[in-house]
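Undergrad: kindly generate the corresponding structure for this input.
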Amino acid sequence: MLTVIHTFNGPDQDRILGEVRTGIQSVEDIEGFKFASVNKQQNTKDIMLFSKWENRTAYENWADTVGENKAFKQATPQMFEVLDEKY
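TA: Modelled structure (predicted):
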């Protein structure tokens, strides 16, 4: 399992949030997608996309669909192998 975190920031939160939402519209159609959550940090202009994937290939298949989305081109994803989870 793979966890991917994108952090977006900038003065125009509405534009960034719109680009993030546009970028994840197709996520449910990607095999290996598990979960996505868009979060806004309190007291800052930071927006975070937290997502879970079966493996890196599944994530890369989705990332290829994002195309020229500016928010995703400017945010370098952090990738983590899931070692343990509880729900």
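Undergrad: C-alpha only now, for contacts and for neighbours.
TA: Will do.
Undergrad: the lowest-mean-pLDDT helix or strand in the chain - contacts with which helices or strands?
TA: When each helix and strand of the chain is scored by mean pLDDT, DSSP states H and E, helix 70-74 comes last, with a mean of 89. Applying 3 or more Cα pairs under 8 Å, 6 or more residues apart in numbering; DSSP states H and E, one finds that helix 70-74 contacts strand 2-8, helix 13-24.
Undergrad: which of these sits most buried?
TA: When you average the neighbours per residue for each of the helices and strands packed on helix 70-74 (mean count of other Cα atoms under 10 Å), strand 2-8 leads with a mean of 19.
Undergrad: centroid residue for the protein?
TA: L49 (3.9 Å; Cα atoms, centre = their mean).
Undergrad: show me what contacts that residue?
TA: Applying Cα atoms under 8 Å, 6 or more residues apart in numbering, we find L49 in contact with V4, I5, H6, T7, V20, A36, S37, V38, N39.
Undergrad: any chance of the residues you listed in JSON lines, plus pLDDT and distance to D64?
TA: Shown next, in JSON lines, are the contacts of L49 (pLDDT from 0 to 100; distance: Cα to Cα, whole Å):
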{"residue": "V4", "pLDDT": "97", "distance to D64": "15"}
{"residue": "I5", "pLDDT": "97", "distance to D64": "16"}
{"residue": "H6", "pLDDT": "96", "distance to D64": "15"}
{"residue": "T7", "pLDDT": "95", "distance to D64": "18"}
{"residue": "V20", "pLDDT": "94", "distance to D64": "15"}
{"residue": "A36", "pLDDT": "95", "distance to D64": "17"}
{"residue": "S37", "pLDDT": "95", "distance to D64": "19"}
{"residue": "V38", "pLDDT": "95", "distance to D64": "19"}
{"residue": "N39", "pLDDT": "95", "distance to D64": "22"}
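Undergrad: fine by me, thanks again.
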